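Engineer: here is the input, now give the coordinates:
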Amino acid sequence: MARLGLRRCLGILAVGLVCVSISIAIKSNSGAEILTSNASRAYLLSEAERSDARHDFERELDLLSLGLDANGSIQELVEIQRRQARLHWKVYEDYSKAREILDTVWAHEIGRADTALELARLEFAAGRFNASRDAAERAMSAAISRRERYDATIAISKPTIENATQLCLDGKAFDVPAVVLASRTLNSLLESEGVEPNVARMLIQAALLIGDGPAALSGWRAHYFISNDARPFLAIQDGAQVLERTMTNWVDQGHDEAVRRSITIALADTRLFREAAIVVYAAPPKIRAALQEDQDIRAILAYESFVDSVGRSIHQRYLLDARGELSGASFWEPFEAAIGKLWDQLETTSRTVPQYTRNTSAYSTDIERELGPRFGSVVRFVEIDGHRGLQMGHIVKDDLRKVEQYGHRAEVRFVVLDSMVSNGFASWAWNSGAQHGGWTDSDRIVQVRPPYASKPFRVWRQLTWEDERTRRSQETEKESLADRDRAKANPAGYLPGLSMRLHDQGAHAILDRLQSLGLENVDLQLAFVSEYGRAIEESSIFAHEGRHFIDRKNRLFPARAWRKEFNAKLSEVAFAPEPRLALGAIFASNIGDRGAHGRANESIMKDIVAWMKKHRNEIAALDTAQPILTQFDKLTDEQIRAVFRSMDSLAKNTRR
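Structural biologist: Take a look at the predicted model:
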């Protein structure tokens with residue numbers, strides 16, 4: 001059979017010859033060939049997702065290009081083209097190409113609101129704020145569903161607030177009426193629908209730009225989930241008390257230097273450094289000048305500038321890495337330069353600027369020793385699957401927590417980070433929106449708050465908004481049908497439909513339990529967000545990362561790196577409050593990849609299939625005519641835990 005490279009094959013198609021019967025060879029970055037023949041759009045989208053998970057963007061584009069002429073629905077074609085556009089603007093910064101593709105998608109007259117929202121994101125990334133707002137307005141005009149209107153509302157306000165913030169921090173005038181409108185819009189959205197933390201921060205910034213203390217306080221409370229029943233984390237409690245006291249009735253009259261100073265310091269103490277800088281730069285000139293003479297304020301402004309500089313420079317390094325253009329460049333040069341500048345500006349206890357060495361742990365320790373007590377800074381330099389990255393955030397919670405698994409105990413320091421400067425290369429790169437959730441050091445478990453804080457809101461909408469519930473149900477049904485063919489091809493492979501069903505079953509269990517208590521409306525939403533977040537935190541942080549800590553403490557070191565993740569994933573499910581919610585990182589598209597997580601997931605999936613075959617008579621309503629893994633969700637929660645305990649050597653040697 002003839003074997004053609006993808007681009008040559010597409011060239012043949014362009015002149016009208018038939019290519020569908022020819023096996024097409026696509027080479028990945030690793031050099032391995034992936035053969036497809038008569039592949040459907042659904043299959044190619046699935047393979048593109050796998051390539052995205054591996055950051056193989058060239059192969060992802062090749063697969064998506066092949067999907068343009070493959071068999072499939074118009075909806076799948078729209079999804080393919082949107083993903084092409086995102087890769088072109090996000091990874092390759094080819095905004096013109098991306099716009100051309102989105103213009104083509106718009107002509108399909110399907111999902112126009114989402115197409116316009118993608119254009120709004122593109123223009124925002126390009127710094128074209130007026131164009132971004134125009135695209136968001138198009139999205140609102142095309143919006144049909146509640147979710148589309150919600151997303152468009154945020155997208156309209158976002159460029160207005162970002163543009164005004166940049167102008168303010170540069171000491172320039174901004175459009176006050178437009179910011180007032182954006183602030184009112186987001187405040188209304190917060191009250192009617194609830195918003196995730198990143199949107200709450202937009203409200204804080206807009207309100208501070210116009211000196212609206214009560215609105216800023218509402219956004220700040222929403223960002224940290226603070227209510228009458230939920231108090232601030234202890235690590236930020238002092239700053240929280242000042243904000244509650246000063247912002248409740250604060251409306252800027254231009255003569256409030258002392259109040260502005262208190263709010264600036266309190267915002268920094270709650271790790272909102274950009275917002276703290278806004279309070280200073282939005283002040284009248286005389287008050288701004290006086291504040292900039294204050295030693296504490298100068299330190300905050302210097303640190304905010306440092307954080308902004310590092311975030312921008314690391315973003316550029318990620319772009320170069322994603323395109324394979326980083327060779328020969330020092331990844332950390334911009335960070336080293338920024339640290340040197342910051343040390344010159346701060347009155348540091350150590351006048352010696354930390355120097356980067358191959359011992360990145362020592363380098364980060366030197367930085368944290370100075371910046372940690374002042375700003376809550378945590379810095380981690382990582383290299384995962386060949387990609388360098390920076391994980392840097394700020395402590396908002398710092399507690400001691402006891403972890404126990406199979407009779408092994410440990411007391412660990414639990415640290416929660418927010419206001420992330422960067423969460424590593426993969427979190428930046430993944431098209432799915434997935435992010436690293438945390439890690440373990442020698443003496444602490446670290447959780448990255450943003451992904452944990454935002455996801456419960458998205459899940460709430462999927463469960464309770466009728467249009468979102470219908471869309472999710474249709475997508476799940478489609479993927480579940482396709483799972484049967486996937487499972488026949490690979491009995492222990494990734495099954496998207498099964499993964500979606502398991503997650504939704506776990507989320508519904510929480511919602512049903514809360515509704516049985518008589519909760520409704522806002523009270524039900526707040527309770528669900530809290531309980532869902534707690535369930536994910538218990539499994540992915542205290543069970544998963546806790547297992548790493550226990551293995552290290554008890555010198556239970558697997559010989560192979562992937563076995564460490566294997567052990568931690570077993571604990572993640574076995575000790576989960578809601579085991580179905582804990583399966584998302586295992587029933588994932590990276591099954592079978594050569595990284596530690598992919599290899600661990602593959603091993604687990606094979607063991608699951610073996611367990612189900614052995615215990616087939618104990619599984620209710622099992623259909624022996626269907627692939628067995630597609631029916632994993634027929635297991636009870638306790639059976640799911642039993643499967644994972646059966647694989648764990650630590651469980652077989654439980655301490656009494």
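Engineer: which residues touch L77?
Structural biologist: With contact set as C-beta atoms under 8 Å, 6 or more residues apart in numbering, L77 has these partners: 41, 67-68, 108. For every residue, glycine as well, the C-beta is placed using N, CA and C.
Engineer: for it, which three-state class applies?
Structural biologist: For L77, the assignment made with DSSP: H, G, I helix; E, B strand; the rest coil gives helix.
Engineer: looking at the chain, which strand is longest?
Structural biologist: In the chain, taking DSSP state E as the definition, the longest strand is strand 387-405.
Engineer: would R380 count as being in a helix?
Structural biologist: No - assigned with three-state DSSP, R380 falls outside any helix and is strand.
Engineer: residue contacts, the nearest residue to it once chain neighbours are set aside?
Structural biologist: The shortest distance from R380 to any non-neighbouring residue, by C-beta to C-beta, 6 or more residues apart in numbering, is to Q391 (4.2 Å). Residues in contact with Q391 (C-beta under 8 Å, 6+ apart) are 378-382, 420, 422-424, 436, 439, 448.
Engineer: work out for me the element the residue nearest to R401 when sequence neighbours are not counted sits within.
Structural biologist: In this structure, R401 finds its nearest non-sequential neighbour in F414, 4.4 Å apart by C-beta to C-beta, 6+ apart. Element membership for F414, per DSSP states H and E: strand 408-423.
Engineer: strands paired with that strand, and their directions?
Structural biologist: Sheet pairing here is set by DSSP bridges, and for strand 408-423 it gives strand 387-405 (antiparallel), strand 444-448 (parallel).
Engineer: doesn't Q355 lie inside a helix?
Structural biologist: No - Q355: not assigned to a helix; according to three-state DSSP it is coil.
Engineer: quantify the burial of the closest residue to it other than its chain neighbours by counting its neighbouring residues.
Structural biologist: Among residues not flanking Q355 along the chain, Y363 sits closest, at 7.3 Å (C-beta to C-beta, 6+ apart). Per other C-beta atoms under 10 Å, the neighbour tally for Y363 reads 20.
Engineer: which element, helix or strand, includes Y363?
Structural biologist: helix 360-375.
Engineer: got the contact list for stretch 236-249?
Structural biologist: 213-214, 216-217, 220, 224, 226, 231-232, 259, 262-263, 265-271, 396.
Engineer: and with 6 Å instead?
Structural biologist: Here stretch 236-249 makes contact (C-beta atoms under 6 Å, 6 or more residues apart in numbering) with 213, 216-217, 232, 259, 262-263, 266, 269-270, 396.
Engineer: just the C-alphas of that stretch, formatted as CSV.
Structural biologist: The C-alpha trace of stretch 236-249 is given here as CSV (Å, rounded to 0.1, in the frame of the first residue of the first chain):
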residue,chain,number,x,y,z
ILE,A,236,-4.4,36.1,55.0
GLN,A,237,-6.6,36.8,58.0
ASP,A,238,-4.9,40.1,59.1
GLY,A,239,-5.3,41.6,55.6
ALA,A,240,-8.8,40.3,55.3
GLN,A,241,-9.9,42.1,58.5
VAL,A,242,-8.5,45.4,57.3
LEU,A,243,-10.3,45.1,54.0
GLU,A,244,-13.6,44.3,55.7
ARG,A,245,-13.2,47.3,57.9
THR,A,246,-12.0,49.9,55.3
MET,A,247,-13.7,48.9,52.1
THR,A,248,-17.3,48.5,53.4
ASN,A,249,-18.0,52.2,53.1
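Engineer: next secondary structure after the longest helix belonging to the chain?
Structural biologist: Identified as the longest helix of the chain according to DSSP state H is helix 295-322. Next in sequence after helix 295-322, counting helices and strands by DSSP H and E, comes helix 333-345.
Engineer: quick one on the thing from earlier: among the contacts of L77, who's most crowded?
Structural biologist: Result: G67 is most packed of the contacts of L77 (other C-beta under 10 Å), 26 neighbours.
Engineer: single out whichever of the contacts of stretch 236-249 has the smallest pLDDT.
Structural biologist: Among the contacts of stretch 236-249, P232 has the lowest pLDDT, at 83.
Engineer: need the nearest residue in space to that one, chain neighbours excluded.
Structural biologist: Of all residues not flanking P232 in the chain, A240 sits nearest, at 3.8 Å (C-beta to C-beta, 6+ apart).
Engineer: just to revisit the earlier point, residues of the longest helix of the chain that come out buried?
Structural biologist: 297-310, 313-314, 317-319, 321-322 (16 or more other C-beta atoms under 10 Å).
Engineer: repeat for stretch 109-119
Structural biologist: 111-119.
Engineer: what is the mean pLDDT for it?
Structural biologist: The model assigns stretch 109-119 a mean pLDDT of 96.
Engineer: just want the most central residue of the protein.
Structural biologist: By C-alpha atoms, centre = their mean, the mean C-alpha position of the chain lies nearest to Q435, the distance being 3.8 Å.
Engineer: that one - that's part of a strand, no?
Structural biologist: No - applying three-state DSSP, one finds Q435 to be coil, outside a strand.
Engineer: what segments of the stretch 551-656 of the chain are helices?
Structural biologist: Secondary structure of the stretch 551-656 of the chain by DSSP state H, counting those that start in this stretch: the helices cover 561-574, 596-614, 637-646, 649-652.
Engineer: now tabulate these in TSV and tack on mean neighbour count, mean pLDDT and distance to A290.
Structural biologist: TSV is the format used below for the helices of the stretch 551-656 of the chain (neighbours: other C-beta atoms under 10 Å; pLDDT from 0 to 100; distance: least, C-beta to C-beta, whole Å):
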stretch	mean neighbour count	mean pLDDT	distance to A290
helix 561-574	23	93	53
helix 596-614	19	95	53
helix 637-646	18	97	61
helix 649-652	15	89	61
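Engineer: indicate which one of the ones you listed is closest to A173.
Structural biologist: Comparison of these against A173 by C-beta to C-beta identifies helix 596-614 as nearest, at 49.2 Å.
Engineer: who are the packing partners of the closest one?
Structural biologist: If you count contacts as 3 or more C-beta pairs under 6 Å, 6 or more residues apart in numbering; DSSP states H and E, helix 596-614 packs onto helix 561-574.
Engineer: which other helices and strands contact the helix it packs on?
Structural biologist: So helix 561-574, by 3+ C-beta pairs under 6 Å, 6+ apart, packs with helix 546-553, helix 596-614, helix 637-646.
Engineer: picking up where we left off before, pipe the contacts of L77 into CSV and attach secondary structure and distance to E76 per row.
Structural biologist: Shown next, in CSV, are the contacts of L77 (DSSP: H, G, I helix; E, B strand; the rest coil; distance: C-beta to C-beta, whole Å):
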residue, secondary structure, distance to E76
R41, helix, 4
G67, helix, 7
L68, coil, 10
H108, coil, 11
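Engineer: which one of the residues you listed is nearest to A337?
Structural biologist: Of the contacts of L77, the one sitting nearest to A337 (C-beta to C-beta) turns out to be G67, at 42.9 Å.
Engineer: which helix or which strand is home to the residue lying closest to that closest one once chain neighbours are set aside?
Structural biologist: Using C-beta to C-beta, 6+ apart and skipping the chain neighbours, the partner closest in space to G67 is L44 (4.0 Å). Element membership for L44, per DSSP H and E: helix 41-53.
Engineer: perfect, I'm done here.
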